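Student: starting from these lines, generate the structure:
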Amino acid sequence: MSRHRIPLLLATLTLSVSLACNRATSPEPFRTVAVIDVGRNPHQIAFSEDGRTAWVAAAGSDRITAVDVASRIVIDTLGVPDSPLGVAILPGDGLAVTRFGADEIIRFPSGGKEPDARLTTGGAPSLFAGPLPDGTYLVSVEQADRVWLFDPATFALPQSYDTGDRPFPAAATSDGRLIFVPNYNDGTVTVIDHWNDRVVATVPVGEHPSGGVVFPEDIVYAVAVRGANRVALINTASFTVTDTISAGIGEEPFSVVLAPNGRLAFVNNTASHDVSVIDVAGDSVLTRLPVGEQPIVMAVHPSGATLWVSSEGSHELAVIEIPEAWRGTAAVPSRTDEPATVAVMGMIHDQHPTSTRWGFAQLEETIRTFKPDIVCAEIPPNRWERVWTDYTERGVVVDPRVVRFPEYNDFMLRLSRDMGFTIVPCAAWTKEMSDLRERRIEAFETQSAWAGRKAEYDRRVREALARFPEPAHPDDPHYIHSDAYDQRTRAELSLYDEYQNDLIGPGGWTNINEGHLRLINRTIAQHPGERILITFGAGHKYWFLDRLKNRDDVRLVDLEPYLPAQNP
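Tutor: Here you go, the predicted structure:
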């Protein structure tokens, strides 16, 4: 593996070291600890809010079956005619159930035996997917070629999106911005930008894609391709299939589910009657677990201790114990107790190629003097693999998010090869976030509803900047890395934050900086004792410095001594 592939999934690659140790020291097997009769043709499994009860949709018996998780004994049933496939927990432990044969969702109040509300979905609603961060669920409607957003709090269907032919259960990124819907009859996956209310891609994946999940870090959507006996991996930035997992996948894989800690994924193989266990860090199958005939739906208990598998053909529910070694969060190996040496370098992006003070020559002199081991780059993690592949194979970078930052496109990638430092993508930006931000800023600037607030904002910005003298050379790196620059920037951007952060949402000033810092903090934690250079737009610099300066694991250094001699 190339050194420059390491940052792509830095957390999970570090994790694989720990997992290998776990496998070497822990011989614990996966064990089937119970096989339960919950009715004919069991499908979706949902766990109560306290994790003590599993509710299982038994489609062939027209009922929902409740199982006590501790004793694994059936404790209750609810009659639901017309093939109930999906079940979801509502606030307060009520239930929502999809009736595949009646084209509707029904609601059972907590403790109730009869439904008290109904929603018409169109033809053949299947399983619930979610919840998304706002508490809503997704419901694919197979015969209507549509996916609905289902709000359990209001028991409503507030929004829907068109899909391909016969959509199967959807999956979403952890922030809810992207929705992926496998279209069983089309051989495609519909990609929906939920934040901007639009379909953005249709990805060919092969015959009969049937169910998938977004892997940790929101970089990859993994979908079972039933007709090809493989799992396709779709990059969440390029919306292309970048890899597949086929070795160890059984016959007619049907879906992919993820353990709560993100370390394991499970694939139910409906024709070979087993479950493939994937080590997510290594994208490889660890083992295959025999289960009943035609395993159709799976769920991992919120504790991460057990995998529950509904086998439609043998009419049984299996409970499989996950070995203890795989349940916790793998620790990042620590090589030293020394703090990382960290500096923040302010970039001026498209001004670098023409600047005579902070151009590529001055950047290179500064970086060579600082001698970083790691460079935290303003590149999103889900774009890094394409960026590095394009650069190493073709000598060019075409990704639009990186092209706009010429310090990476024209300079930093080359220098990383020459000097041997590792570039780690640490930007929380996504295209969906950027598009949403642009729409909301435009609304703030142009819509009459915001006119008074915008006028007040503009006035306060003018007053704030009037307190600071205009720099003679705004591109002078000695000015950019001075307290005077940070004070001026703080005065301006704190107002941007005050007036627009909540309006903009995920791409607001505080919100996006917190996202960047999470990725930077993870990188610092994984590289104790090393020299780390953070290279972001200069406006971010004061925000990062404020939050890094009092940390015990960081020796924060001023970049001034590493800058080239000041030009007259």
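
Student: what bits of the stretch 51-200 of the chain have low per-residue confidence?
Tutor: Within the stretch 51-200 of the chain, no stretch has pLDDT under 70.

Student: so what's the backbone phi/psi at I105?
Tutor: Main-chain dihedrals, I105, degrees, to the nearest 10: phi -110, psi 140.

Student: count the neighbours of it for me.
Tutor: By the criterion of other Cβ atoms under 10 Å, I105 has 26 neighbours. To be clear about C-beta, it is placed using only N, CA and C from the backbone, and glycine gets the same treatment.

Student: ok, now A318?
Tutor: A318: 24 neighbours (other Cβ under 10 Å).

Student: ok, it to R40 distance?
Tutor: Per Cβ to Cβ, to the nearest Å, A318 is found 15 Å from R40.

Student: same check, this time on F168
Tutor: Relative to R40, F168 is positioned 21 Å away (criterion: Cβ to Cβ).

Student: do you know how far G507 is from N513?
Tutor: Per Cβ to Cβ, G507 is found 10 Å from N513.

Student: nope, S272 is what I meant
Tutor: 48 Å.

Student: and these two? which has more neighbours close in?
Tutor: Ranked by neighbour count (other Cβ under 10 Å), S272 and N513 place N513 first, with 22 against 18.

Student: got the confidence number for the more buried one?
Tutor: pLDDT for N513: 97.

Student: how far is stretch 246-265 from where the chain is centred?
Tutor: Centroid displacement of stretch 246-265 relative to its chain, using Cα atoms, centre = their mean, to the nearest Å, is 17 Å.

Student: do the same with stretch 354-368
Tutor: Stretch 354-368 has its C-alpha centroid displaced from the chain centroid by 35 Å (Cα atoms, centre = their mean).

Student: what residues sit buried inside that stretch?
Tutor: Across stretch 354-368, burial judged by 16 or more other Cβ atoms under 10 Å covers 355, 357-360, 362-364, 366-367.

Student: same check, this time on stretch 432-441
Tutor: Residues 432-433, 435-437, 440-441 are the ones in stretch 432-441 that count as buried (16+ other Cβ under 10 Å).

Student: any chance of TSV for these, columns secondary structure?
Tutor: Shown next, in TSV, are those (DSSP: H, G, I helix; E, B strand; the rest coil):
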residue	secondary structure
E432	helix
M433	helix
D435	helix
L436	helix
R437	helix
R440	helix
I441	helix
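
Student: kindly indicate which of the residues you listed lies nearest T244.
Tutor: E432 (25.2 Å; Cβ to Cβ).

Student: surely that closest one and G176 touch.
Tutor: No. The criterion here is Cβ atoms under 8 Å, and E432 misses it with G176 at 9.9 Å.

Student: pLDDT weak spots in the protein?
Tutor: For the chain (pLDDT under 70), the answer is 1-27, 330-336, 567-568.

Student: any idea which helix is longest in it?
Tutor: In the chain, taking DSSP state H as the definition, the longest helix is helix 483-504.

Student: skip ahead from that helix and say which helix or strand is next.
Tutor: Next helix or strand after helix 483-504 toward the C-terminus (DSSP states H and E): helix 509-526.

Student: residues contacting that next one, please?
Tutor: For helix 509-526, contacts defined as Cβ atoms under 8 Å, 6 or more residues apart in numbering pick out 10-11, 14, 332, 340, 342, 374, 376, 378, 381, 424-429, 433, 493, 496-497, 500-501, 504-506, 532, 534, 536, 540, 543-544, 547, 553-554.

Student: mind giving me the PyMOL command for buried ones among those?
Tutor: Restricted to buried positions by 16+ other Cβ under 10 Å, the PyMOL selection for the contacts of helix 509-526 reads:
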select buried, resi 10+11+14+332+340+342+374+376+378+381+424+425+426+427+428+429+433+493+496+497+500+501+504+506+532+534+536+540+543+544+554
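
Student: in strands only, show me the contacts of helix 509-526.
Tutor: Among the contacts of helix 509-526, the ones falling in strands (DSSP state E) are 340, 342, 374, 376, 424-425, 532, 534, 536, 554.

Student: which secondary structure element contains the residue lying closest to P209 once chain neighbours are set aside?
Tutor: Spatial nearest neighbour of P209, excluding adjacent residues (Cβ to Cβ, 6 or more residues apart in numbering): P182 at 3.6 Å. In this assignment (DSSP H and E), P182 forms part of strand 178-183.

Student: list the helices and strands that strand packs on?
Tutor: Applying 3 or more Cβ pairs under 8 Å, 6 or more residues apart in numbering; DSSP states H and E, we find strand 178-183 packed against strand 171-172, strand 188-193, strand 209-214, strand 220-225.

Student: would you list the buried residues of stretch 354-368 in a markdown table and tack on distance to R453 and secondary structure?
Tutor: Shown next, in a markdown table, are those (distance: Cβ to Cβ, whole Å; DSSP: H, G, I helix; E, B strand; the rest coil):
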| residue | distance to R453 | secondary structure |
| --- | --- | --- |
| S355 | 35 | coil |
| R357 | 37 | coil |
| W358 | 35 | coil |
| G359 | 39 | coil |
| F360 | 41 | helix |
| Q362 | 40 | helix |
| L363 | 39 | helix |
| E364 | 44 | helix |
| T366 | 40 | helix |
| I367 | 42 | helix |
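
Student: all set, thanks.
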